[in-house]
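> A predicted structure for the sequence below; I have some questions about it.
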Amino acid sequence: MGENSIKLRRSMLFVPGANAAMISNSFIYKPDSIMFDLEDSVALKEKDGARMLVVQALKHPFYREIEKIVRVNSLTSEYGKEDVKAVVSAGVNVVRLPKTDSAQDVLDMEQEIESAEKYFGIEVGRTKMLAAVESALGILNAKEIAFSTKRLIGIALGAEDYVRDIKTERSPDGIELLFARSSILHAARAAGIMAFDTVFSDANNEEGFLREATLIKQLGFDGKSLVNPRQIELIHNLYAPTQKEVDFAKQVIEAAEEALKKGSGVVSLNGKMVDNPIIERAKLVLQKAELSGIRE
Ligand SMILES: CC(=O)SCCNC(=O)CCNC(=O)[C@H](O)C(C)(C)COP(=O)(O)OP(=O)(O)OC[C@H]1O[C@@H](n2cnc3c(N)ncnc32)[C@H](O)[C@@H]1OP(=O)(O)O
Ligand SMILES: O=C([O-])CC(=O)C(=O)O
Ligand SMILES: [Mg+2]
């Protein structure tokens, strides 16, 4: 990704595909991405209806400006292939593959997407993918998954299924997720794609949400899947640089320009070393401040 073209994906709001009211309103909350769900939030008898509702939303002018992701059903279910055809033809930006256990799972899904693109006369490769890893096997294969295809914008953790698989449950400090989060983060960074954290399901627990969001930001994640619109502003604000960070970044850039004039590689800023990684980080802080504003 070019340094002038960072795309913010701090907030990816899940919207249950069978809920017509939520689907018709979700764009007003302005998350970075909307994630219509056809998988686990939709009852079996509602799968076909949900697919139709989501297709309508994908085509609706209200959703033209926002990044649209759809979590489709697995290809091992009877709904997966129909889901892929429908959402690709309706112009989805990103297909989220749930319960990804291996690189082969991604490639199988990519093949379905490619057939649909060809069938509907869509440029091959236009539909991007996001692989959600939700099992012990998937975590052990995270690197191969992250490197599997150029279509991937990133990989995400699905912790509700993951804790069930490793036979534990989620705790307030999230110690049980540390290995999975670190694995996903490193696989994504090594492959040059984005890393997304899982949902925090208790929409009324603002303090718990902020604790978790602070942790995953510090670990290096680009953002988080969300279940409720009230979580959007909280995470946008948390991810916005502080005034102090912006002031420091400006000083770093000035010091670096001075150093360049003098022809020296390392400079000191109030006794702290300033060299290339610090300069690059300062540029990123300023870019983020421009895109997201400054933290309140
Ligand atoms: C493990 C997994 O697979 S997670 C992914 C699948 N799950 C989901 O997608 C769940 C999505 N979220 C939800 O269904 C709900 O937010 C819940 C169940 C978590 C909480 O429900 P509530 O407490 O009723 O939500 P709340 O009172 O905050 O709703 C306020 C408003 O936001 C809307 N809203 C709530 N969640 C969403 C959402 N995810 N997308 C769009 N709109 C939403 C409600 O419709 C309501 O709108 P209204 O004021 O116009 O009536
Ligand atoms: O991917 C997510 O964050 C939601 C999910 O399906 C899970 O946690 O199992
Ligand atoms: Mg899941």
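Arrived safely. Numbering: from 1, shown residues only. Ligands and ions are numbered 1, 2, ... in the order given.

> close to ligand 2, is stretch 220-240?
Yes: Stretch 220-240 is in contact with ligand 2 by Cβ under 6 Å from any ligand atom, via Ser225. Yep, even glycine has a C-beta here, placed from its N, CA and C like the rest.

> run the chain-centre distance for that stretch.
Centre-to-centre, stretch 220-240 and its host chain are 10 Å apart (Cα atoms, centre = their mean, to the nearest Å).

> likewise stretch 25-44?
The answer for stretch 25-44 is 13 Å, by Cα atoms, centre = their mean.

> got the end-to-end distance for it?
24 Å (Cα to Cα, to the nearest Å).

> buried residues, that stretch. List them.
26-27, 29, 31-42 (16 or more other Cβ atoms under 10 Å).

> before we move on, what about stretch 144-160?
145-149, 151-159.

> Gly271: how many residues sit nearby?
Residues lying near Gly271 (other Cβ atoms under 10 Å) number 5.

> how much space separates it from ligand 2?
43 Å (Cβ to the nearest ligand atom, to the nearest Å).

> follow-up on the earlier one: so which of the buried residues of stretch 25-44 are in strands?
Of the buried residues of stretch 25-44, the ones assigned to strands by DSSP state E are Ser33, Ile34, Met35, Phe36, Asp37.

> how about the residues of the stretch 101-250 of the chain near ligand 2?
Counting by Cβ under 6 Å from any ligand atom, the residues of the stretch 101-250 of the chain near ligand 2 are Ala132, Glu134, Ala156, Gly158, Ala159, Glu160, Asp161, Thr198, Val199, Ser225.

> could the residues you listed go into TSV alongside secondary structure and pLDDT?
Output for these, formatted as TSV (DSSP: H, G, I helix; E, B strand; the rest coil; pLDDT from 0 to 100):
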residue	secondary structure	pLDDT
Ala132	strand	98
Glu134	coil	98
Ala156	strand	98
Gly158	coil	98
Ala159	helix	98
Glu160	helix	98
Asp161	helix	98
Thr198	coil	98
Val199	coil	98
Ser225	strand	98
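
> can you lay out those residues as a markdown table showing distance to Val267?
Listed next are these as a markdown table, based on distance: Cβ to Cβ, whole Å:
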| residue | distance to Val267 |
| --- | --- |
| Ala132 | 44 |
| Glu134 | 46 |
| Ala156 | 39 |
| Gly158 | 45 |
| Ala159 | 43 |
| Glu160 | 48 |
| Asp161 | 49 |
| Thr198 | 41 |
| Val199 | 44 |
| Ser225 | 41 |
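
> quick revisit: ok, the ones in strands among the buried residues of stretch 25-44 vs ligand 3, which is closest?
In terms of Cβ to the ion, no member of those lies closer to ligand 3 than Asp37, at 9.8 Å.

> quick one, phi/psi of the residue positioned nearest the centre of the chain?
The C-alpha lying nearest the average C-alpha coordinate of the chain belongs to Phe196 (Cα atoms, centre = their mean; 4.2 Å). Dihedral pair for Phe196: phi -120, psi 140, per degrees, to the nearest 10.

> returning to that earlier point: what is the nearest of the buried residues of stretch 25-44 to ligand 2?
Asp40 (5.7 Å; Cβ to the nearest ligand atom).

> excluding chain neighbours, what is closest to that closest one?
Computed as Cβ to Cβ, 6 or more residues apart in numbering, the closest residue to Asp40 that is not its neighbour in sequence is Pro98, at 7.3 Å.

> same question for Arg71.
Arg96 (4.1 Å).

> among the buried residues of stretch 144-160, which are located in helices?
Ile145, Ala146, Ala159 (DSSP state H).

> and which of these is nearest to Ile253?
Ala146 (31.9 Å; Cβ to Cβ).

> ok, now how distant is the closest one from ligand 2?
16 Å.

> what sits against that residue?
Contacts for Ala146 (Cβ atoms under 8 Å, 6 or more residues apart in numbering) come out as Ala131, Leu152, Ile155, Ala187, Ala188, Ala190, Ala191, Ile193.

> which of those ranks first by neighbour count?
Going by other Cβ under 10 Å, Ala131 tops these with 33 neighbours.

> next, the contact list for that one, please.
Counting by Cβ under 8 Å, 6+ apart, Ala131 touches Arg96, Leu97, Thr100, Asp105, Val106, Ile145, Ala146, Ser148, Leu152, Ile155, Ala156.

> hang on, the fifth one in a helix?
Okay, so that is Val106. Yes: under DSSP: H, G, I helix; E, B strand; the rest coil, Val106 falls within a helix.

> which pLDDT value belongs to the residue nearest to it when sequence neighbours are not counted?
The shortest distance from Val106 to any non-neighbouring residue, by Cβ to Cβ, 6+ apart, is to Ser148 (4.3 Å). Predicted confidence (pLDDT) for Ser148: 98.
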